[in-house]
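S.K.: only geometry, no sequence info:
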């Protein structure tokens, strides 16, 4: 097991400080982005998350950071939400700080939009791209029927403002763990460490207005799109859309309902990342799942997790 990682700060061109961690010394750099739910310290208080980090650090130099506005990094005024391009600049600042010329980038949820933007604008620094439970556009439109209506988005923003940092919102992020009081308490604490309810809602409102469909044709790096089969939003079809509109992308369905990658079958997520980046399928996956925190779900997991990969 990896010890508690050290949190360090990189300084951007505008003087803002960005908190980051580096774990492992593998042959490739792997940057992990979780977007608006992120705190480089609190994330690893969840044992399955820490185990997943250690596994990824076994085959990479594993890098994670909090973008401006969340977690341990500098906070932002509610009316000063950066563009995806400006937020993706934070990634470049961290890569410069650790002396990384290029890295594989893994973005989950809205961290995926940051990852996509960086890959499109800095292909020379992007070794590969992995997207999980993300979408190209949140709102529906005449030429994109896979999003949600504006009225629904407004309701979601108000719900976040009213319940962020509570177990009510934790149940939305991880319905599979709704009956697990330890996980619910950790997720609620994780949210509170990330941002205040008002600031988190302000970021979500701005994010709903900023799609990344226009950058998809400019992404030419090897890309893997992962998406939970029964996730309510963004839908499985939204994940397929990403894969269909990125040249050469592969699409893999993961079982489950959770937006949170670490609360439901995290071993399957890590396996997919490792196999994509190294070309080697971990031989002891079933053993790790069988001894995981959810042994009563093992048989269903193994039955449904046989990946459906499309070119």
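M.R.: Cool, got the structure. What you see is a predicted model, and the numbers here were worked out from it, not measured in a lab. Numbers count the residues shown, from 1 in each chain.

S.K.: from here on, just use CA atoms for contacts and neighbour counts.
M.R.: Fine.

S.K.: which parts of the stretch 151-300 of the chain are strands?
M.R.: Along the stretch 151-300 of the chain, the segments classed as strands by DSSP state E, counting those that start in this stretch run 223-228, 250-254.

S.K.: could you say which of those is packed most deeply?
M.R.: A comparison of those by mean neighbour count, using mean count of other C-alpha atoms under 10 Å, puts strand 223-228 on top with a mean of 27.

S.K.: quick check: mean pLDDT across stretch 218-228?
M.R.: Stretch 218-228 shows a mean pLDDT of 97.

S.K.: can you lay out the strands of the stretch 151-300 of the chain as JSON lines showing distance to residue 267?
M.R.: Formatted as JSON lines, the strands of the stretch 151-300 of the chain follow (distance: least, C-alpha to C-alpha, whole Å):
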{"stretch": "strand 223-228", "distance to residue 267": "13"}
{"stretch": "strand 250-254", "distance to residue 267": "11"}
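
S.K.: out of those strands, which is closest to residue 163?
M.R.: strand 223-228 (23.9 Å; C-alpha to C-alpha).

S.K.: what's the closest one in contact with?
M.R.: 128-134, 236, 239-240, 242-243, 246, 248-259, 276 (C-alpha atoms under 8 Å, 6 or more residues apart in numbering).

S.K.: before we move on, back to that, residue 12: which of the strands of the stretch 151-300 of the chain is closest?
M.R.: Once the strands of the stretch 151-300 of the chain are compared by C-alpha to C-alpha, strand 223-228 is nearest, at 27.7 Å.

S.K.: what strands flank that closest one, and is each parallel or antiparallel?
M.R.: strand 126-132 (parallel), strand 250-254 (parallel) (DSSP bridges).

S.K.: wait, which of the strands of the stretch 151-300 of the chain is closest to residue 202?
M.R.: strand 223-228 (25.7 Å).

S.K.: go ahead and confirm residue 113 touches residue 212.
M.R.: Yes - between residue 113 and residue 212 there is a contact at 6.5 Å, judged by C-alpha atoms under 8 Å.

S.K.: so what sits against both of those two?
M.R.: residue 136.

S.K.: in the protein, which spans are helices?
M.R.: 47-57, 84-98, 111-121, 150-163, 167-173, 181-194, 197-208, 236-244, 266-278, 285-290, 298-304 (DSSP state H).

S.K.: which of those sits most buried?
M.R.: On a mean-neighbour basis (criterion: mean count of other C-alpha under 10 Å), the most buried of the helices of the chain is helix 111-121, at a mean of 25.

S.K.: what about residue 281, neighbour count?
M.R.: 13 (other C-alpha atoms under 10 Å).

S.K.: once you drop chain neighbours, what's closest to it?
M.R.: Distances taken as C-alpha to C-alpha, 6 or more residues apart in numbering put residue 275 closest to residue 281, at 5.0 Å, once the chain neighbours are dropped.

S.K.: could you do residue 93 as well?
M.R.: residue 12 (5.9 Å).
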